[in-house]
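Asks: Generate coordinates for the sequence data below:
(one chain, ligands or ions: 3)
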Amino acid sequence: MKIVVLKFGGTSVGSIYRIKKIAKIIRQHINTKKKVIVVSSAMSGVTNELINKSKQISDNFSPSEHDVLVSSGEQMSCALIAGRLNHLGIKSRSWLSWQVPILTDGDFKKSRITNIFKKRILKYLQTGGVPVITGFQGVNYENRITTLERGGSDASAIMIAKYFKAEKCIIYTDVEGVYTTDPNLFKNAKKIQKISYEEMLEMSSLGAKVMQPASIQDARLNRINVYVKSSFVNKAGTLITKRKNISQDNIITGISFTKNDSKITLLDVVDKPGVAASIFEPLSKNFINVDMVVQNISSDGKQTDLTFTVKNEDTIKTEKLLKNNKNINFKKNLIKKNVSKISIIGVGMITTPGVTYRMFKALAKNKINIQVISTSEIKISVLIAKQLIRKAVKALHKEFNL
Ligand code: ADP
Ligand code: ASP
Ligand code: MG
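Replies: Ligands and ions are numbered 1, 2, ... in the order given. The predicted structure follows:
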């Protein structure tokens, strides 16, 4: 049985008009005689609306009820898609994750798929039906509804492709593929034909929303080729695949950036073993994600400065936790909101010397001040003022001929 998995994102099913359009895309795939499994996200905006509702009920809304609530958006879109397929004379029905079932493990709001039972879906496919499966949701071993982190229907599609040994997994979205940087922000961004799992993972972890980072980990571990393309125009998209399948010619493949970060610096922290752990333990316990961390060498060995970044919305909570932390001593803390992390990503930098210098030089030429630097094998990230993002992306695009 040759199976294709088609995943539709929020904008692709964002209105009745769009749902009618994507039903036609599904029909085209059915006409190629392949068995089709559809996975859908909620209509755009719906998940956010549901989250807002939970916040109005309580600022301490139960995580398990959160998952029941926010996963309901996918129930609606899948029923509408199946209904439209029926309207076109195609046998189809919606499948909620517990009906499949799709089993997950881990905490509410950020579960991961650990098993998918295939029997019922395979039987349905054999009868000629088109299953429309809810993305983003699962059910855990206690039989509770779970969700997979924001953007998680990408992971649903990829794991379904894995379990059903699908020939193809296509992620239909609102842009034509993966671009060198966000095409909605930078009109000169170029569509990438092929990108490696490693690069895509870095790009999405560093801010490129087009694919959910966890989903790329799943794709990489299971060696699943993922095609990203538009549901609006029928054009070639991007293939996310293993490095071997790509002939590399660019040093840098893409540029990602985050928005709305805050930089926190603790001055004159008493420097002793375990101090960094004491600073970050309460933050981690309060689910505050710490990103870039830099600790200066103390000249006298007694005191040091420590800088790190958190999301803007976590700034006040972070400041409070630092002030109330009895295990650390520091003179002063400095907070700078609205900074952004901009990163260049590319496996080409492993073998090409001088990339760091070229990045810094290009930013300097444009009078962009670098506040914090962090690097890994295939990426270099720097922290800059948020209002300079556009300028920086442009400069780096030019420097690396993207
Ligand atoms: P969907 O609802 O289909 O899952 P998302 O909104 O999650 O779509 O992701 C698509 C969006 O990702 C695009 O509209 C685009 O603005 C954004 N994006 C950010 N970085 C990139 C990039 N490098 N390439 C393509 N899109 C990007
Ligand atoms: N609807 C979910 C979200 O908005 C999942 C997804 O879009 O993939 O995060
Ligand atoms: Mg998405």
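Asks: what's the first-to-last distance across stretch 300-319?
Replies: The straight-line separation of the ends of stretch 300-319 (C-alpha to C-alpha, to the nearest Å) is 27 Å.
Asks: in it, what counts as buried?
Replies: For stretch 300-319, a neighbour-count test (16 or more other C-beta atoms under 10 Å) marks 303-311, 314-315, 318 as buried. Bear in mind the C-beta positions are built from the backbone N, C-alpha and C, glycine included.
Asks: Kindly report the same for stretch 102-115.
Replies: If you call a residue buried by 16+ other C-beta under 10 Å, then stretch 102-115 has these buried ones: 102-104, 108-113.
Asks: go on, stretch 216-228?
Replies: 216-220, 224-228.
Asks: ok, which pair from those residues is furthest apart?
Replies: When C-beta to C-beta is used, the two most widely separated members of the buried residues of stretch 216-228 are Q217 and Y227, lying 17.8 Å apart.
Asks: OK, contacts around the residue of the stretch 301-402 of the chain found nearest ligand 2?
Replies: Closest contact between the stretch 301-402 of the chain and ligand 2, by C-beta to the nearest ligand atom, is at K311 (16.4 Å). For K311, the contact set (C-beta atoms under 8 Å, 6 or more residues apart in numbering) comprises 260-262, 289.
Asks: now the helices: where do they sit in the stretch 51-200 of the chain?
Replies: With helices called from DSSP state H, counting those that start in this stretch, the stretch 51-200 of the chain shows them at 63-70, 72-87, 119-126, 153-163, 197-205.
Asks: With the stretch 301-402 of the chain instead?
Replies: According to DSSP H, counting those that start in this stretch, the helices that the stretch 301-402 of the chain contains are 315-323, 355-365, 389-399.
Asks: contact partners of the second one?
Replies: Applying C-beta under 8 Å, 6+ apart, the contact partners of helix 355-365 are 251-252, 344, 346, 349, 370, 375, 380, 382, 384, 392, 395-396, 398-400.
Asks: what do you get for the last one?
Replies: Outside of helix 389-399, the residues within contact range by C-beta under 8 Å, 6+ apart are 180-181, 185-186, 188-189, 252, 255, 257, 259, 340, 342, 344, 358-359, 361-363, 365-366, 368, 384, 402.
Asks: Going by neighbour count, which of those residues are buried?
Replies: 180-181, 186, 189, 252, 255, 257, 340, 342, 344, 358-359, 362-363, 368, 384, 402.
Asks: Show me which residues of the protein sit near ligand 2.
Replies: Contact residues (C-beta under 6 Å from any ligand atom) of the chain with ligand 2: 9-10, 41-42, 47, 73, 135-136, 150-154.
Asks: For PyMOL, write the selection for the buried entries among those.
Replies: Per 16+ other C-beta under 10 Å, the buried members of the residues of the chain next to ligand 2 correspond to this PyMOL selection:
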select buried, resi 9+10+41+42+47+73+135+136+151+152+153+154
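Asks: so which of the residues of the chain next to ligand 2 also contact ligand 3?
Replies: Contacts with ligand 3 within the residues of the chain next to ligand 2, as defined by C-beta under 5 Å from the ion: 9, 151.
Asks: Just the buried subset of the contacts of helix 355-365, written out for PyMOL, thanks.
Replies: In PyMOL syntax, the buried subset of the contacts of helix 355-365 is picked out as below (16+ other C-beta under 10 Å):
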select buried, resi 251+252+344+346+349+380+382+384+392+395+396+399+400
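Asks: near ligand 3 too, which of the contacts of helix 355-365?
Replies: Restricting those to those near ligand 3 by C-beta under 5 Å from the ion leaves nothing, as none qualifies.
Asks: which residues are in contact with stretch 158-165?
Replies: Outside stretch 158-165, the residues that reach it (C-beta under 8 Å, 6+ apart) are 3, 5, 37, 39, 102, 113, 115-116, 118, 121-122, 133, 166, 168-169, 215, 218-219, 222, 224, 226.
Asks: same thing but 6 Å
Replies: Residues from elsewhere that reach stretch 158-165 (C-beta atoms under 6 Å, 6 or more residues apart in numbering): 3, 5, 39, 113, 116, 118, 169, 215, 218-219, 222, 224.
Asks: Select from these every entry located in strands.
Replies: Among those, the ones falling in strands (DSSP state E) are 3, 5, 39, 113, 116, 169.
Asks: Please list all residues in contact with the residue of the chain at minimum distance from ligand 1.
Replies: Residue of the chain nearest ligand 1, by C-beta to the nearest ligand atom: G9 (1.8 Å). Counting by C-beta under 6 Å, 6+ apart, G9 touches 41, 173.
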